[in-house]
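> Got a predicted structure plus its sequence, pasted below:
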Amino acid sequence: MNPASSFRLFITSTILFLFSISSLLFWPQVTSSQSLQSDGPASKFEGGSRTKTTAVRSGNPQLIGSNGDYTVTSSDTVLNEYAVLAADALAGTSTIIVTDITDLDSPIPELGPIGNGDLLMIIQMQGATIDTSNTVSYGSVTALNGAGLYEIVYVTSISGNVITINNSSCLSGMRNSYSVAGRTQVVRVPQFINLTVNSGASIVPESWNGATGGVAALRVYGTLLIDGSIDGSGRGFRGGIYRSDFWSGETSYRTTFSFASAAKGEGIAGFGPEYDLLFGRYGRGAPANGGGGGNSHNGGGGGGANGNNGNGWTGQGVMVGGSELAWSLDPGYIANGNARTDSSGGGRGGYTLSLIDLDAEVVGPNNPAWGTPLDERREVGGLGGRPVDNDPAARLFLGGGGGAGEANNGTGGDGGAGGGLVFLIAGTLTGSGSVRSNGLAGADSLSPGVDAGSGGGAGGTVVIHNANSTIVPIEANGGRGGNQNIVSANEAAGPGGGGGGGFIAVRTGVPMRLTDGGTSGTTTSAALSEFSANGATTGAGGQNAATVPSIPFCFAPTAASVTLTGRATAEDGIGILGARIVVTRQDGSEVSLLTNPFGYFELDGIDAGETLVVSIEHKRYIFFDPVRVVTPIDSASEIEFIAVE
C-alpha cells in the first residue's frame, strides 16, 4: 500500500466547521434554478503592482485560479476588457460570439489572453422601444425588451471568436437572450484575492462609446481596500451633441431638422442614429432616460435620468429655490395645481431667448413683451429624462445623457454624460476612499454667452454585493445643468436642467449613500437677476436605499461530488507534517484540516465545479502562494504548496 495513502488524514477525523460572516470567500445568491460559482481575470492595468500570483493556468487544467493580490497606484486605471456581441444569443444556449476575441485579452503578462475559468459579464445596454408621438408622451418606454438585462458567467472553452460558457456545470445555459441591435457587450471581469486602491489612485471603466465601455466590474474574494476611488463618473450614456444653427418658435417634441432644435441625450432607447428612425434626434421630448434637446431659439437642454424615487414623471423637474412669484407664472407650475413641480427624473431646460429687461416676477414666459417675436421667452426647453427601474437581480442601466442646449452663435456645448455602472462583489469593502458614479455637468454657454446651457448627465448605478458591512461612502449624483455666462445687460437664454440622481444598492452595511439631483444652471444676465434659473429646474433625487438580495450568476454545479487533494512540501520535496489547511466553501463555511506526516491532505464531498479558497499556514514554514482560488472539476485536482523557508 502506498504510505502516502495510508497516512492521509481524512475529513472525518480532522475537520472543524467554522461558519464566519467575515470569511475570505462570500458567495453571492442566485435568482433562478441555477446555483452557485464564481471567478475570472482582468484588464488594462494602467498603474499598479502585482504582489502575488495564484492563478493556476498551466500544468493542471482542472484547477482554475484567480488573479491574486493587486495594488492600484495610478489614477484612471482600467481593469476591465470589453468586446462586442457579434450574433444574437438565446436564453438556454451555452455559446456566445464576439466580433474579436482578442478584445478580451489583458495587456498584463500575468493575466494574458482570455481563457478557461475567466469571468464575464454579459449586458445589453439598450434596445427599449418608446412612444414616438409628437407630444409630451414622446419617449415614454413602451417595452424594455432586453435593455439592461445582464448575467455573470464563466468561460469553459474558446474557439476563434466563439466562447462556451459553463459547459460542464450550467445546466440550462444563459438565463437571458441578448441582441446585437441592443448594443450588447461582453465585459471581462478581473478577480482578486485582495485588491488595494492607493490614496490618489483610481479605478475607472472605459467610457461608453456606443458599443462598449461604461462598466467597472470587479470580484474580490477577500478585502477590497479603497483609499483612492472607484469612479464611473461621466462614463455612462452620452450627452446630446452640440450643433449651432438658427430657427425661431419651435415647439416640437421630436424633429429631424437640426436647425429647429438641439440634440437629445442618449438613453436605453439609443442615440442619434436610433432616434433618426424614431422621427428625429432633435427636439424637447425626452427619449426614455435621455434628456430632451432645447428648442429654438436658445432653449436649455433637459437633464438625463436614472434612479427612480417613486414620484410621478412630468418632465418638469424640481422647482427649487428662486422666486416664488416668478415660478408661479410658469406653465408647469400652473398645470401642477399652482404648486412647484417635483417630477422624478431629470430637470427641465430653461426658457428661450428674451431681449428686454422686464420683471420676471410680473411678466411670465410665452409673452411677446420680452421683445422676441416667435420666441417670446417660451417654456420649450428640453424635458428631463424619465427614471428607469434598476434591479440588481435582473437589469442595470447607465445614467442617461443630458440634452444639448439650443445654440446658434457657437458658444454652447454638449449635454453632460451620465454616470457608468460600478459593480463590485467583495468579501470586505473598507478604506478611507470612495465609490462614485456621478453625472457630468452640461456644457455652459461661454463668453459672450449668447447660447443656451445644456442638460446635466444623470447619476450612474452602483451595486455592491459584499459579505461584510461597509462604511465606504458611495455617491451617484446628477450633474449640474449648464450655465449661460452672458455679458449682455438685456439678453437672456435658457440654462440647462440638472441631471437626475442615480441608483445605489448595497448588500450589507450603512455607508453614506448620495443620489442627489443636479442643480439647474443659471443665467448671469442682469435682466434676470430676480430669477437666475430662468425656467431651468433641478434634477430629482434618485434611489439610494436599495439592497442586493441576489445577482444573476449563471452557475449550476452538477450533482457529482469530487475529492480535493493536495500536498505541502519543503523545497527539497519532503512532505511537511501538521500544516493547517483552511478551505472556504461557496456558502461561506470554513473547513480546517492538517496535513499528514507525508504532507498530504484530502477533502471529500466537494461539488464538481464548486469554487474554493484554499489557504495554508505553519508555525515553521512560509509558503509561496499560500492562498489559492480553485474550481476542481474532478477528483484528479490536486494543489501543491511549496515552502520557501
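Sure thing, it's come through. Numbers count the residues shown, from 1 in each chain.

> Asp357 is in contact with Ala526, isn't it?
Yes - taking C-beta atoms under 8 Å as the definition, Asp357 is a contact partner of Ala526 at 7.1 Å. C-betas here are computed from N, CA, C, even on glycine.

> Compare the two (neighbour count), which wins?
Asp357 (17 against 14; other C-beta atoms under 10 Å).

> Skipping its backbone neighbours, what lies nearest that one in space?
Excluding the flanking residues, the one nearest Asp357 by C-beta to C-beta, 6 or more residues apart in numbering is Ala527, at 3.8 Å.

> before we move on, what about Gly449?
Ile486 (3.5 Å).

> Distance check, that neighbour against Ile96.
Note on Ile486: its distance to Ile96, by C-beta to C-beta, to the nearest Å, is 52 Å.

> circling back: for the residue nearest to Asp357, give its distance to Leu593.
For Ala527 relative to Leu593 (C-beta to C-beta), the value is 80 Å.

> Please apply the same query to Asp359.
According to C-beta to C-beta, Asp359 stands 83 Å off from Leu593.

> And these two? Which one has more around it.
Neighbours were counted for Asp359 and for Leu593 using other C-beta under 10 Å; Leu593 has more, 20 against 12.

> Verify the contact between that one and Phe601 for me.
Yes - with contact defined as C-beta under 8 Å, Leu593 and Phe601 form a contacting pair (5.6 Å).

> low-scoring stretches of this structure, by residue?
For the chain, applying pLDDT under 70 flags the ranges 1-67, 110, 167-172, 554-560, 586-588, 609, 633-637.

> hey, where'd the helices end up in it?
In the chain, the helices defined using DSSP state H lie at 3-6, 11-14, 272-276, 324-327, 331-335.

> For the fourth one, what is the distance to the chain centroid?
What separates the centre of helix 324-327 from the centre of its chain is 38 Å, taken as C-alpha atoms, centre = their mean, to the nearest Å.

> Now for the residue nearest to Gln543 when sequence neighbours are not counted: which residues touch it?
Nearest-residue entry for Gln543: Gly307, 3.8 Å, with adjacent residues in sequence omitted and distances by C-beta to C-beta, 6+ apart. Residues in contact with Gly307 (C-beta atoms under 8 Å, 6 or more residues apart in numbering) are 387, 390, 458-459, 461, 476, 500-504, 515, 541-544.

> if we go to 7 Å?
Pro387, Asn390, Gly459, Gly500, Gly501, Gly502, Phe503, Thr515, Gly542, Gln543 (C-beta atoms under 7 Å, 6 or more residues apart in numbering).

> same check, this time on Gly535
Contacts of Gly535 by C-beta under 7 Å, 6+ apart are Asp330, Gly350, Tyr351, Pro365, Glu379, Gly381, Gly494.

> Then Phe531?
Gly322, Ser323, Ala326, Ala360, Glu361.

> So the second one sits against Ser532, correct?
No - counting by C-beta atoms under 7 Å, Ser323 sits too far from Ser532 to count as a contact (9.4 Å).

> which of these two has more neighbours?
Higher neighbour count among Ser323 and Ser532: Ser532, with 23 against 14, using other C-beta under 10 Å.

> Isn't the more buried one up against Gly521?
No - in this structure Ser532 lies outside contact range of Gly521 using C-beta under 7 Å: 9.1 Å.

> Give me the nearest residue to Gly566, chain neighbours excluded.
Gly566 sits nearest to Ile639 (C-beta to C-beta, 6+ apart), 3.6 Å away.

> which residues touch that neighbour?
Ile639 makes contact with Leu63, Gly566, Val614, Arg628, Val630, according to C-beta under 7 Å, 6+ apart.

> And Gly213, by the same measure?
When contacts are counted by C-beta under 7 Å, 6+ apart, Gly213 touches Tyr82, Pro205, Glu206, Ser207, Arg235.

> hmm, try it at 6 Å
The contact partners of Gly213, by C-beta atoms under 6 Å, 6 or more residues apart in numbering, come to Tyr82, Pro205, Glu206, Ser207.

> what about the residue lying closest to the last one once chain neighbours are set aside, how many residues close to it?
If the residues on either side of it in the chain are set aside, Ser207 comes closest to Arg235, at 4.8 Å by C-beta to C-beta, 6+ apart. Arg235 sits with 27 neighbouring residues when counted by other C-beta under 10 Å.
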